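*Asks:* give me a model of this one.
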Amino acid sequence: MLAPFEVVVVLANADDEAVAGEGERIYEELRSAGLDVALDDRKERGGVKFADADLIGYPVQVVVGKRGLDRSEVDLKLRASGERSSVPLADAASGALDLLDRAP
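*Replies:* From the prediction side, this is the model:
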């Protein structure tokens, strides 16, 4: 299967200003690295966005949410294996790139 983008940045709480700001920063950093990246900033619940991300088949998901920001972290998911991890905000883009290198 061929996904339309390599990475999706999911804003779990799109109505939260801090979440939106960090998500957009990560999105731009990934775009600057030359990746095809999507930003899911829809006003849907997080579960809907996660299900859609899996259905569409994005190889790597970067999840930005309130709880993660409280810990200064984002969650990463490699779709092929289901592997999940958390990385510091500052390492979000590099963490996504590392996962993408491991994607089939």
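
*Asks:* which strand residues bridge the residue nearest the centre of the chain?
*Replies:* When CA atoms, centre = their mean is applied to the chain, the residue found nearest the centroid is residue 62 (1.7 Å). With DSSP bridges applied, residue 62 shows beta-bridge pairing to residue 9, residue 76.

*Asks:* what separation do you get for it and residue 17?
*Replies:* For residue 62, the distance to residue 17 (CB to CB, to the nearest Å) stands at 18 Å. Quick note: C-beta positions are derived from backbone N, CA and C, even for glycine.

*Asks:* got it, and residue 76?
*Replies:* 23 Å.

*Asks:* same question for residue 43.
*Replies:* 14 Å.

*Asks:* could I get the buried residue list for stretch 32-43?
*Replies:* Neighbour counts over stretch 32-43 (16 or more other CB atoms under 10 Å) mark 35, 37-41 as buried.

*Asks:* nearest to residue 6 among those residues?
*Replies:* residue 35 (5.0 Å; CB to CB).

*Asks:* shouldn't that closest one be in contact with residue 100?
*Replies:* Yes - counting by CB atoms under 8 Å, residue 100 is a contact partner of residue 35 at 7.4 Å.
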